[in-house]
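Student: I would like the atomic coordinates for the input below:
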Amino acid sequence: MRTMEECRAEVFRRSEDRIRRRRQRRKRILAACIPLALCLTVLAAELPNMSAKREPSINETSGSAVCRIEVSGGSGQRSITDGQTLGELTEMLEGLTMSDADGSDYAQLPPAVDDAYTITMVTHAGQAAVYRLASDRLTDETAGKTVCLTEKQAQELLALLEPAQ
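Tutor: Numbers count the residues shown, from 1 in each chain. All right, here's what the predicted structure looks like:
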């Protein structure tokens, strides 16, 4: 049989083993968390730089958002104030007119004789940007820039301009 001293020594040895395993586990967790925390810190520091690199939209450069869009032509005149439609139209118009670098290739095109739409984006500050859609051409009257649209782009734009009846 074991003596009382041997039993106590065994209990202390087992206790020290458990304490050592806990310390090792903490060290491993800490060793994994430090690089993760550094990566998150670097990512958080880079996020403002990433958003600053993108090109600002017309709404952001003017400092105000579009509050309504006036459309004339086609089936008459109408005013668009629905937030979702405003967002879609604004995004599409900005994307189409910014996609062509200078628009000078189309400056010498003869004027279109088809039914034309005049699209006026009005901001809360009262500023207006005027676009003209005629056939397959979108002209930014404010910037003096004309781009030719594909058939699909023209159809998508017309779908937003003409409400479903």
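Student: Could you list the single helix or strand in this protein with the lowest mean pLDDT?
Tutor: In the chain, the helix or strand scored least confidently by mean pLDDT, DSSP states H and E is helix 58-62, which has a mean of 46.
Student: So what touches the following helix or strand past that helix?
Tutor: Downstream of helix 58-62, the next assigned helix or strand under DSSP states H and E is strand 66-73. Where contact means Cβ atoms under 8 Å, 6 or more residues apart in numbering, the residues beyond strand 66-73 that reach it are 59, 77-81, 85-86, 89-90, 115-124, 133, 161. Glycine gets a C-beta too; all of them are placed from N, C-alpha and C.
Student: Just give me how far strand 66-73 sits from the chain centre.
Tutor: Put simply, strand 66-73 sits 23 Å off its chain's centre (Cα atoms, centre = their mean, to the nearest Å).
Student: cool, stretch 122-131 as well?
Tutor: Worked out by Cα atoms, centre = their mean, stretch 122-131 lies 22 Å from the chain centre.
Student: Since that was my last question, I'll sign off now.
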